[in-house]
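Colleague: can you look at this prediction? I've put the sequence above it.
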Amino acid sequence: MSERTEEPPGPDAGRDAGTVLAARRPTRRALLDRLAGHGAASATVLARKLPVSRQAVVQHLAVLDAAGLVRPHRHGREVRYLLRPGGLTTTAAWMTRLAAQWDARLAAIAAIAEDEPDTG
């Protein structure tokens, strides 16, 4: 039996999984896209482009904030939200490492399958 050579989950694995879960909803991805393309915006401005209420947008933004993907800041009487790309960058790196591990596993399975003689 071969030894496992995969790396243990890093300290950010839970946060990265939370980032993926936070961004799984289309409305949240649309909010991230809007903030990435147009910069800081209030919930009111963001809600204008979406088929959901302003209150729903605020709730989605709270989830994205908790996941470290956006940051609210007060600008006078209004709260504007900014994209925090660092959360996406670390999650993308985690996903790349995870994909490499699966590629290695699949290559090992393929090698075993190719080494087995045909019994047919």
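Modeller: Good, I have the coordinates.

Colleague: run a quick neighbour tally on Ile112.
Modeller: Ile112 has 10 neighbouring residues, counting by other Cβ atoms under 10 Å. Using the backbone N, CA and C atoms, a C-beta is placed for each residue, glycine as well.

Colleague: buried ones in the helix or strand containing it, by neighbour count?
Modeller: According to DSSP states H and E, Ile112 maps onto helix 85-115. If you call a residue buried by 16 or more other Cβ atoms under 10 Å, then helix 85-115 has these buried ones: Gly87, Leu88, Thr90, Thr91, Trp94, Arg97.

Colleague: now do stretch 56-74
Modeller: For stretch 56-74, the neighbour count (16+ other Cβ under 10 Å) marks Val57, Val58, His60, Leu61, Val63, Leu64, Ala67, Gly68, Leu69, Val70, Pro72 as buried.

Colleague: okay if I get those as JSON lines plus distance to Lys49, pLDDT and secondary structure?
Modeller: Shown next, in JSON lines, are these (distance: Cβ to Cβ, whole Å; pLDDT from 0 to 100; DSSP: H, G, I helix; E, B strand; the rest coil):
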{"residue": "Val57", "distance to Lys49": "10", "pLDDT": "97", "secondary structure": "helix"}
{"residue": "Val58", "distance to Lys49": "15", "pLDDT": "96", "secondary structure": "helix"}
{"residue": "His60", "distance to Lys49": "13", "pLDDT": "93", "secondary structure": "helix"}
{"residue": "Leu61", "distance to Lys49": "14", "pLDDT": "95", "secondary structure": "helix"}
{"residue": "Val63", "distance to Lys49": "18", "pLDDT": "91", "secondary structure": "helix"}
{"residue": "Leu64", "distance to Lys49": "16", "pLDDT": "92", "secondary structure": "helix"}
{"residue": "Ala67", "distance to Lys49": "21", "pLDDT": "87", "secondary structure": "coil"}
{"residue": "Gly68", "distance to Lys49": "23", "pLDDT": "88", "secondary structure": "coil"}
{"residue": "Leu69", "distance to Lys49": "18", "pLDDT": "90", "secondary structure": "coil"}
{"residue": "Val70", "distance to Lys49": "16", "pLDDT": "93", "secondary structure": "strand"}
{"residue": "Pro72", "distance to Lys49": "18", "pLDDT": "96", "secondary structure": "strand"}
